[in-house]
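Enquirer: I would like the atomic coordinates for the input below:
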Amino acid sequence: MLISEAKVFTGQFVKLVYRDRRGAEIKRQTEVFDVGFVPLYGPCLITDAGEIRLDRVVACEGVALARAA
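Expert: The predicted structure is shown next:
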């Protein structure tokens with residue numbers, strides 16, 4: 001995933017599929033706060049689940065959820 005593609009999801013809830021260090025796919029529903037450059041990791045999605053490297057993202061799809069008040 002490119003940085004320009006990832007910035008579209010900033011501020012949204014997404015269904016995210018990414019690979020961990022061992023190559024296993026992880027599916028998670030998370031909120032994307034920002035897309036940034038993390039030293040030693042490179043470009044990452046900054047989410048409520050932590051920083052996820054863009055080169056490990058397999059799929060990302062927006063989800064229509066409302067934030068709790």
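Enquirer: Excluding chain neighbours, give the residue nearest to residue 9 in space.
Expert: Distance criterion CB to CB, 6 or more residues apart in numbering; nearest residue to residue 9, sequence neighbours excluded, is residue 32 at 4.6 Å. (Glycine included, C-beta is placed from N, CA and C.)
Enquirer: Identify the bridge partners of that neighbour.
Expert: Bridge pairing for residue 32 (DSSP bridges) gives the partners residue 47.
Enquirer: again, but for residue 62
Expert: Going by DSSP bridges, residue 62 forms beta bridges with residue 14.
Enquirer: so who does it touch?
Expert: Contacts of residue 62 were listed using CB atoms under 8 Å, 6 or more residues apart in numbering, and they are 9, 12, 13, 14.
Enquirer: least trustworthy helix or strand in this protein by mean pLDDT?
Expert: Lowest mean confidence among the helices and strands of the chain (mean pLDDT, DSSP states H and E): helix 3-6, at a mean of 90.
Enquirer: helices or strands up against that helix?
Expert: strand 25-38, strand 42-47 (3 or more CB pairs under 8 Å, 6 or more residues apart in numbering; DSSP states H and E).
Enquirer: Which one, of these, ends up nearest to residue 1?
Expert: Closest to residue 1 of those, according to CB to CB: strand 42-47, at 8.3 Å.
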